[in-house]
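Chemist: Predicted model and sequence below, questions to follow.
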Amino acid sequence: MTAALQQELTQLHSLVDGPPSSAPEISQRLAKLKVHFAQSGLLFASPDSDRHELALTRSVLEIGAFHALRSGNIKSYLSYDSLLLPFYDNAQLDASPNRPIILGLRLLYWLSEGDLTAFHTMLETLDPEQLQDVFIKLAVDLERWLMEGSYNKVYRARDRVPRPEFGFLLERLMGQVRSQIAATVETSYTSLPLSNAATLLFYKSGETSQLVEFATQRGWELSHSTSTFTFPLSPKPDIAIAAAKFSDPNASAQTLDILQGKGVKKGTPMTRMVGPSLRLAQQLEAVV
Amino acid sequence: MSSAPGKDSKATNGATEEHKGDVESEVKVVPKITPEDEVLHHLTLIARGVTNMEPRFVIRVLRTLTTTRKKTSKKVLRTVLEKAYPSGSKTGQSLIASAVFQSLPDESAPELDSAGADTEMDVDAALKDVSKTDSSEPPKAVQPKKFSPPTDASGDLVVEGTVYLRLLLLLKAIDAKHIDEAQQFALDTIELINKANKRSLDQLAAKAYFYLARVYELQGKLSDLRSTLLAARQTASLRKDETLEVTVINLLLRSYLADKQYDQADKLIAKSTFQGQVNQAQSVRWLFYAGRLRAIQLNYTKAREYFQTAIRRAPKDDVAPGFVQIIHKYFIVVVLLTGVIPERSMFRKPVLRDALVPYFQIVQAVRVGDVTAFQKAFKEHEATFLADSTHFLILRLRHFVIKTALRTITLAYSRISLADVCIKLHLDSEEDTEYIVAKAIKDGVIDATIDHVEGYMQSRVARDMYETEEPAKQFNRRVEHLTGLYNETVRAMRYPPNAHRKELDNAAETRERDREIAQMIQDNDVDDDDMDDL
């Protein structure tokens, strides 16, 4: 059985290294193998399994995770990733050479999700030596640039992806970055020429229509005579934003961003005045 | 125990942290008590606590546990064990025969560090005094010769007393580094407690679990104990045994944080209610662990609040220097992460001065906004930060350095070209500078606008403070603080049972008096009228 597994693994390896047209076949093989693992109890890394077989299973699952990312299937990637966890925690197995890659991918995934809490919580669990690894360092650097605001560096990081799997997540991250840039642009400029906006938001010269679409989505006004963007103040008081947050739990970060716009200028500031006053009134009532 | 500053003492402050600096008055005021008598007196107190169903007495005894631990020795314990149990009691004999007691080192080297030696000498003097002035001057507070062991129905020492003595033995075993014997002994003690299943044992049980975990930690296998602790937590929670619950939760948190299982720790905190008022020492621990977790999760405001409270409630500096130091370290980093520069005075405290030097350099760098100095300080003290596990938190500080630097620039220049900003901040490229400045504006660090075409940054003129939201914010903060303080004070008040009855009696009396006064006034009125008539 071990020999059969070994053979499957080598075949998979050659397929992965082969032309991209073999993607469907890889998926098929992986699905079959997964069923097989589930039946033999290897999928959940039960402690009484054979060490060698476990190591092979781990390699197959790693390939699965990489393959999922290459074909842009986030859901399948996440399931492979969580399946891999017990294998890495298993002290009997030797450390996998792919471990840092998987870790780096996971970190990058958190970044592209914008989930910094999870990112940092995971980072804390790593050893300082692991941080020196190329794949993990990439994610750590990206986070630092994002926090500083060096978006240009993030953009340029796409040109030197260490592995194709990172490319997909980096593309995902760029979407995140773009809306962050847009939010900073709204607050720090009064007006911005179209061409400059394109460079700032990393749109290439031919992508003006996409830029205009993106801008109208965020509610920017394009004056056609001078071809500059102006950023309107948010017409909504922040009470409306708070209400939107409550009434519509699915309100995306972007809509909230747009609602918030350039800070609240109109209406009653809910979070700063009404909330605290109500709390004080409540407290006073309790005292009396 | 109190000599080694920094990381080393963190390990030992598990013990020192216990008594909260308020050394029991009877120990200090009446020094002419032998340790034997003291322990026996404690037993009486515990027994009184049991009969009156008043946990206060037990808490009082446990508060002095660390002092007692330093004073007792094998000889003392032997005398106590012989006296404490009624003659013919099997429990006492078995304790004396137990491996833990037998393996304790003899008198010669009870405590090696300075604090222990000091108390040792006091004790010797006290012993002599007592023997000299044997009958002429009866010692206060306790009557050593007339000690009669408080017994239960079966004629043995009450189980609470036994548990207390076992705790003392356990502590001595830990001091003597007989960890393996201590482990078995601690487990036996827990079993005894569980078998007795008495609510009057709650406080003692908490301590027993604490030292059980300590033993396991010394063996480096605290994680093995988790299932036991989780079970204990469940039972404690069902019995509303808050002291034990908060102790066990803290132990679990400690073990999770040590193993970097932050998700588990987060879930534990979310699923348990914080019993802040039950036990000062444990609540400080809880605050510390929760603060660490929140800091990791980027919830700096909450973390800062926790650390601040922990610092306020922490034991005195000289009692648990290691603990005080480590809280301050975390506090400084978290305060920096919230964008505030900590006060200078904090670094001048004698306990903290040396320990905080690395952090001081970091704070300096952030305050000035000097990225190179920050990198240098970080490189230089990396080992310290790693040992304190503040390493990652400090790494997160880097972009704050840039932001403060930007802020000083906007204060100095009303208009400056982006190229100059780039040079001043030692940044790599001008495009990045533009993004960084824009982000700083968005984050509210600086108040400025960027002109992209001309390539400069224009800062807005400082407005009147009272036009901004700052006063309202300050007001809200203070209101929140005061209402919080009021609520906590109300919660901390004690209402002894039957107190209202006294008031009722008084009320009856007052009513009586009122009637009398009214009567008198009426009489007086009549008199006055009479006078007028005259």
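Modeler: That came in fine, so what should we check first?

Chemist: any idea how far whichever residue of the stretch 51-200 of chain A sits closest to chain B lies from B:L425?
Modeler: When Cβ to the nearest Cβ is the measure, the stretch 51-200 of chain A has its nearest residue to chain B at A:G149, with 3.1 Å between them. To be clear about C-beta, it is placed using only N, CA and C from the backbone, and glycine gets the same treatment. Applying Cβ to Cβ, to the nearest Å, the value for A:G149 to B:L425 is 12 Å.

Chemist: More neighbours: the two, which one.
Modeler: Comparing A:G149 with B:L425 by other Cβ atoms under 10 Å in any protein chain shown, the one with more neighbours is A:G149, at 27 against 20.

Chemist: Now the phi/psi pair for the more buried one, please.
Modeler: With angles defined as degrees, to the nearest 10, A:G149 shows backbone torsions of phi 100, psi 10.

Chemist: For it, give me its contacts.
Modeler: Contact analysis of A:G149 by Cβ atoms under 8 Å, 6 or more residues apart in numbering or on different chains lists A:184, B:399, B:432, B:435-440.

Chemist: Need the single longest helix in chain B, by residues.
Modeler: Secondary structure assigned by DSSP state H gives helix B:499-533 as the longest helix of chain B.

Chemist: how distant is that helix from the center of its chain?
Modeler: In this view, helix B:499-533 has its centroid 54 Å away from the chain centroid, taken as Cα atoms, centre = their mean, to the nearest Å.

Chemist: before we move on, what about stretch A:157-175?
Modeler: 11 Å.

Chemist: For the closest residue to A:H13 other than its chain neighbours, grab the count of nearby residues.
Modeler: Among residues not flanking A:H13 along the chain, A:I63 sits closest, at 7.4 Å (Cβ to Cβ, 6 or more residues apart in numbering or on different chains). Counted by other Cβ under 10 Å, the residues lying close to A:I63 total 21.

Chemist: Report the next helix or strand after the helix or strand where A:I63 lies in sequence order.
Modeler: Using DSSP states H and E, A:I63 sits within helix A:51-70. Elements were assigned by DSSP H and E; along the chain past helix A:51-70, the next helix or strand is helix A:74-89.

Chemist: contacts for that next one?
Modeler: So helix A:74-89 is contacted by A:43-45, A:54, A:57-58, A:61-62, A:64-65, A:68-69, A:93, A:96, A:99, A:102, A:105-106, A:109 (Cβ under 8 Å, 6+ apart).

Chemist: Give me every residue in chain A lying close to chain B.
Modeler: Applying the criterion Cβ under 8 Å from any Cβ of the partner chain, the portion of chain A that neighbours chain B consists of A:116-117, A:120-121, A:123-125, A:128, A:144, A:147-153, A:180-181, A:183-190, A:192-193, A:196, A:200, A:272-273, A:276, A:279-280, A:283, A:286-287.

Chemist: again, 6 Å this time
Modeler: The interface of chain A toward chain B, taken as Cβ under 6 Å from any Cβ of the partner chain, is made up of A:116-117, A:120-121, A:123-125, A:147-152, A:184, A:187-190, A:192, A:196, A:272, A:276, A:280, A:283.

Chemist: Give the buried residues for the helix holding A:I63.
Modeler: A:53-70 (16 or more other Cβ atoms under 10 Å in any protein chain shown).

Chemist: packing partners for that helix?
Modeler: Under the contact criterion of 3 or more Cβ pairs under 6 Å, 6 or more residues apart in numbering or on different chains; DSSP states H and E, the helices and strands touching helix A:51-70 comprise helix A:2-17, helix A:23-40, helix A:74-89, helix A:164-188.

Chemist: highest average neighbour count across those?
Modeler: Each of the helices and strands packed on helix A:51-70 was given a mean neighbour count from mean count of other Cβ atoms under 10 Å in any protein chain shown, and the largest, a mean of 20, is that of helix A:164-188.

Chemist: Now do the same for the residue in chain B that chain A sits nearest to: helix, strand or coil?
Modeler: Here chain B gets closest to chain A at one residue, B:K439, 3.1 Å apart by Cβ to the nearest Cβ. B:K439 falls in the helix class when you classify it by DSSP: H, G, I helix; E, B strand; the rest coil.

Chemist: Can you give me the neighbour number for it?
Modeler: B:K439 has 26 nearby residues by other Cβ under 10 Å.

Chemist: ditto for B:P358
Modeler: Every residue meeting other Cβ under 10 Å relative to B:P358 is counted, giving 20.

Chemist: Give me the helices and strands touching the helix or strand containing it, please.
Modeler: Counting by DSSP H and E, the element that carries B:P358 is helix B:357-368. In this structure, helix B:357-368 packs against helix B:321-337, helix B:371-380, with contacts taken as 3+ Cβ pairs under 6 Å, 6+ apart.

Chemist: how does it look with 7 Å?
Modeler: For helix B:357-368, the contact count by 3 or more Cβ pairs under 7 Å, 6 or more residues apart in numbering or on different chains; DSSP states H and E identifies helix B:321-337, helix B:371-380, helix B:398-412 as packing neighbours.

Chemist: Need the contact partners of stretch A:192-205.
Modeler: Outside of stretch A:192-205, the residues that reach it under the criterion Cβ atoms under 7 Å, 6 or more residues apart in numbering or on different chains are A:155, A:178, A:181-182, A:185, A:208, A:210-211, A:227-229, B:452-453.

Chemist: swap in stretch B:226-238?
Modeler: The contact list for stretch B:226-238, computed with Cβ under 7 Å, 6+ apart, reads B:209, B:244-245, B:248-249, B:251-252, B:255.

Chemist: Name the residues of that stretch that are buried.
Modeler: Residues B:226, B:228-229, B:232-233, B:236-237 are the ones in stretch B:226-238 that count as buried (16+ other Cβ under 10 Å).

Chemist: try stretch B:62-72
Modeler: Across stretch B:62-72, burial judged by 16+ other Cβ under 10 Å covers B:62-72.

Chemist: out of the residues you listed, which one sits closest to B:F385?
Modeler: Using Cβ to Cβ, the shortest approach to B:F385 within those belongs to B:T66, at 30.6 Å.

Chemist: Mind checking what secondary structure the closest one has?
Modeler: Counting by three-state DSSP, the backbone at B:T66 sits in helix.

Chemist: related to what we said a few turns ago, okay if I get the helices and strands packed on helix A:51-70 as JSON lines plus mean pLDDT?
Modeler: Shown next, in JSON lines, are those (pLDDT from 0 to 100):
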{"stretch": "helix A:2-17", "mean pLDDT": "72"}
{"stretch": "helix A:23-40", "mean pLDDT": "76"}
{"stretch": "helix A:74-89", "mean pLDDT": "83"}
{"stretch": "helix A:164-188", "mean pLDDT": "81"}
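
Chemist: who wins for proximity to B:Q219 among the ones you listed?
Modeler: Comparison of the helices and strands packed on helix A:51-70 against B:Q219 by Cβ to Cβ identifies helix A:74-89 as nearest, at 21.9 Å.

Chemist: residues from the stretch 351-500 of chain B in reach of chain A?
Modeler: Near chain A, the residues belonging to the stretch 351-500 of chain B are B:386, B:391-392, B:398-399, B:402, B:429, B:431-432, B:435-436, B:438-439, B:441-442, B:449-450, B:452-453, B:469, B:472, B:476, B:479, B:483, B:486 when assessed by Cβ under 7 Å from any Cβ of the partner chain.

Chemist: residues touching the closest residue to A:R158 other than its chain neighbours, list them.
Modeler: With Cβ to Cβ, 6+ apart as the criterion, A:R158 has its nearest non-adjacent residue at 5.1 Å, and that residue is A:L170. For A:L170, the residues meeting the contact criterion (Cβ under 7 Å, 6+ apart) are A:157-158, A:161.

Chemist: which regions of the stretch 151-288 of chain A lie under the pLDDT threshold?
Modeler: A:232-271 (pLDDT under 70).

Chemist: can you give me the strands for it?
Modeler: Ranges of strands in the stretch 151-288 of chain A, per DSSP state E, counting those that start in this stretch, are A:191-193, A:221-223, A:228-230.
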